[in-house]
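Visitor: below is the sequence, then the predicted model.
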Amino acid sequence: MHLWRLLLWRIVLMLVLWPGLVAAQQTVAVTFHTAEATNANGTTPTVIGFDAVSVQNTVASSWDGTFNWEASFDGTNFVSVKCRNVATGGVSTTAVGAGAYVCPLTGAQSFRARISGRTTGTTTASGRLIRGVSGVVSDDTGGTFTLQASVTRAVTTIGTAITGLDRFKTLVVTLDITAAERDSGDETYDVYVVTSDGVSSWDLVHFPQVATTGAKRYTATIVHDLLPQRVTTAVPGVASNESGTLKTDTQGSDQGTRTLVAGTIRHGPWGSSVNHHVVIAGTVATGITYSITIMAK
């Protein structure tokens with residue numbers, strides 16, 4: 001009888017304690033960087049069996065780097081992962097400054113918070129691997145994408161395209177200029193946002209031409225479901241319907257890329273990829289420093 005009572009008590013204790021033990025195993029703490037003062041991959045934990053990872057980072061001494069959220073699905077090669085900013089709800093594959101993020105891991109073997117572009121300061125990043133969650137980052141909810149991280153350019157350049165934006169209905173594109181050289185007085189800078197369907201390419205935005213020094217920020221909103229039309233920067237904007245067909249085979253001609261008038265946007269469908277061109281003219285030494293972000297909904 002005594003043995004049976006002991007066994008019964010053990011069963012009761014297991015029933016009481018088991019939910020807590022299971023819950024404790026649902027998350028695992030991980031530290032990615034500790035007072036990191038270099039560009040580094042940091043700790044790269046194995047994440048097999050986990051559904052998501054949370055990452056919170058702090059910065060010190062004017063840290064100026066960029067976090068790149070990356071996962072490996074074959075154990076060797078890493079690809080970008082879209083993570084959600086807990087505070088803003090925005091989605092991006094990179095992050096700057098302090099913040100907290102949640103990233104999907106389903107099917108991944110390992111994950112890292114790689115640091116790039118750091119020249120000063122330190123950062124610490126830690127979080128938890130999480131089981132039993134889904135839908136951490138839904139593509140249908142939209143998010144914020146970095147078309148161009150902050151960069152300084154002194155020659156005409158075509159950027160790197162991002163893909164997958166054709167599933168959204170609205171793009172809010174922000175050009176943030178922090179410096180523009182005008183030492184010679186003849187320097188000009190034209191920034192175009194262009195799109196492609198894999199065959200043709202055409203302009204979506206031609207921001208106002210930059211011909212003065214100082215910081216500036218321009219925001220353009222493009223709507224997918226409107227009748228194809230151009231809208232100027234006049235107040236109110238002057239709209240005009242597009243031709244029924246766009247001739248897009250030649251850059252700089254007809255309706256090809258780099259043909260929208262400065263300070264103009266083009267509503268209507270866009271392709272699967274979006275890129276940007278910066279056209280620089282005049283006697284340029286240092287050039288223009290700028291970044292471009294896209295909020296898609």
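Guide: Cool, got the structure. Worth saying up front: this structure is predicted, and the values here are computed from it rather than measured.

Visitor: was I right about H33 contacting T43?
Guide: Yes - contact criterion CB atoms under 8 Å: H33 and T43 qualify, at 7.4 Å. Heads up, the C-betas are built off the backbone N, CA and C, glycines and all.

Visitor: tell me which of those two has more neighbours.
Guide: H33 (24 against 15; other CB atoms under 10 Å).

Visitor: for the more buried one, list the residues it contacts.
Guide: The contact partners of H33, taken as CB atoms under 8 Å, 6 or more residues apart in numbering, are 40, 42-43, 57, 113, 115, 123-125.

Visitor: helix, strand or coil for it?
Guide: strand (DSSP: H, G, I helix; E, B strand; the rest coil).

Visitor: identify the bridge partners of it.
Guide: A125 (DSSP bridges).

Visitor: likewise S273?
Guide: Bridge pairing for S273 - DSSP bridges - gives T163, S196.

Visitor: number of nearby residues for it?
Guide: For S273, the neighbour count with other CB under 10 Å is 18.

Visitor: surely it and S196 touch.
Guide: Yes - between S273 and S196 there is a contact under CB under 8 Å: 5.0 Å.

Visitor: give the residues shared as contacts by those two.
Guide: A161.

Visitor: and the gap between R153 and E181?
Guide: 11 Å (CB to CB, to the nearest Å).

Visitor: before we move on, what about V102?
Guide: On the measure of CB to CB, V102 and E181 end up 40 Å apart.

Visitor: below-threshold pLDDT in the protein: ranges please.
Guide: In the predicted model, the chain carries pLDDT under 70 at residues 1-25, 134-142.

Visitor: which parts of the helix or strand containing F111 are buried?
Guide: F111 belongs to strand 110-116 when assigned by DSSP states H and E. Residues 110-115 are the ones in strand 110-116 that count as buried (16 or more other CB atoms under 10 Å).

Visitor: in CSV: these, plus distance to D74.
Guide: Output for the buried residues of strand 110-116, formatted as CSV (distance: CB to CB, whole Å):
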residue, distance to D74
S110, 10
F111, 13
R112, 14
A113, 19
R114, 17
I115, 23
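
Visitor: just those now: which is nearest S62?
Guide: Proximity of those to S62 was ranked by CB to CB; the top entry is I115 with 14.7 Å.

Visitor: beta partners of that closest one?
Guide: Beta-bridge partners recorded for I115 (DSSP bridges): F67.

Visitor: if I look at it, how far off is D64?
Guide: For I115, the distance to D64 - CB to CB - is 11 Å.

Visitor: how about G127?
Guide: Note on G127: its distance to D64, by CB to CB, is 22 Å.

Visitor: compare the two (neighbour count), which wins?
Guide: For G127 versus D64, the count of surrounding residues by other CB under 10 Å is larger for G127: 24 against 15.
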